[in-house]
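A.B. asks: Give the three-dimensional model of this entry:
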Amino acid sequence: MAEQVKFWFDVSCPFAWKTSRWIKEVATVRDIEVEWIPMSLAVLNENADIDEGYADMMKANWGPARVFAKVKAQQPEKIDTLYSSMGEIVHEEGNNGKKGFGAYDEVIAKGLERAGLDASYADVANTEDMDEQLRAYHQAGQDAVGSDSGTPIVQVEGNAFFGPVITRFPAGEESGELFDAYKTLAAYPYFFELKRNRFENPQLGSWK
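C.D. replies: Numbering: from 1, shown residues only. All right, here's what the predicted structure looks like:
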């Protein structure tokens, strides 16, 4: 039986994007079944003491997250495809870091088209129609790790952590071995955290 993996993401986050591509690679060498679940950095940072520039980025992030929430609610089998298509546009084609409400409208439209989804999903991007559902998806991820957490959140067989935060990953079996190590740590009930200083940002467009 396939191992159940849950992956909470915000499409704007380059760290979640890199980790998600690693999980996709893992799926080629391990029997896993991934449920992709939207969360929202905009929700996470509500009422937080953040600078104006970052706050403007959070305003922009509402649009894509709302669209993902609607797709997850109505066509959950398409979330993987939409995340891949929109994530490529955002991170691999240089459309990240946008600021202000509606800044991702063009990205959303392109992502939906590439994923073969109806353009009408974009209608919720600049409304609050899906906010209750988005918050529910987001909160499920927070509950899984037990405290406020950014993205990615990865849950393996019921054990969830923020991360892993990776900037590169190996191909094939080595990627599977990295997953095995993560799964082993996650399964131990008294393991809580590993962390060290990061010396680079996610390396986009490549494994190494």
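A.B. asks: Could you list the buried residues of the longest helix anywhere in the chain?
C.D. replies: If each helix of the chain is counted by residues according to DSSP state H, the longest one is helix 52-74. Going by neighbour count (16 or more other CB atoms under 10 Å), the buried part of helix 52-74 is 56-72. (C-beta placed from N, C-alpha, C; glycine too.)
A.B. asks: Give the next helix or strand downstream of that helix.
C.D. replies: Counting by DSSP states H and E, the element after helix 52-74 in chain order, helix or strand, is helix 79-87.
A.B. asks: List the buried residues in the helix or strand that that following helix is followed by.
C.D. replies: Remark: after helix 79-87, the chain's next helix or strand is helix 105-115, criterion DSSP H and E. Under the neighbour-count criterion of 16+ other CB under 10 Å, helix 105-115 has 105, 107-112, 115 buried.
A.B. asks: Show me what helix 105-115 packs onto, helices and strands only.
C.D. replies: Secondary-structure packing of helix 105-115 (3 or more CB pairs under 8 Å, 6 or more residues apart in numbering; DSSP states H and E): helix 52-74, helix 79-87.
A.B. asks: what residue is smack in the middle of this structure?
C.D. replies: Phe9 (1.7 Å; CA atoms, centre = their mean).
A.B. asks: in the sheet, who's paired with that residue?
C.D. replies: On the basis of DSSP bridges, Phe9 is bridged to Pro38.
A.B. asks: And it, how close does it get to Val34?
C.D. replies: 11 Å (CB to CB, to the nearest Å).
A.B. asks: hang on, the earlier thing: doesn't Gly141 make contact with the residue nearest to the centre of the chain?
C.D. replies: No. With contact defined as CB atoms under 8 Å, Phe9 and Gly141 do not form a contacting pair (9.2 Å).
A.B. asks: which neighbours do those two share?
C.D. replies: 37, 39, 151 (CB atoms under 8 Å, 6 or more residues apart in numbering).
A.B. asks: nearest spatial neighbour of the first one, skipping sequence neighbours?
C.D. replies: Using CB to CB, 6 or more residues apart in numbering and skipping residues adjacent in sequence, the residue nearest Ile37 is Trp8, 4.9 Å away.
A.B. asks: What are the buried residues along stretch 73-91?
C.D. replies: Quick answer for stretch 73-91 (16+ other CB under 10 Å): 78-91.
A.B. asks: is it true that the residue nearest to Ile37 touches Val145?
C.D. replies: No. The criterion here is CB under 8 Å, and Trp8 misses it with Val145 at 9.1 Å.
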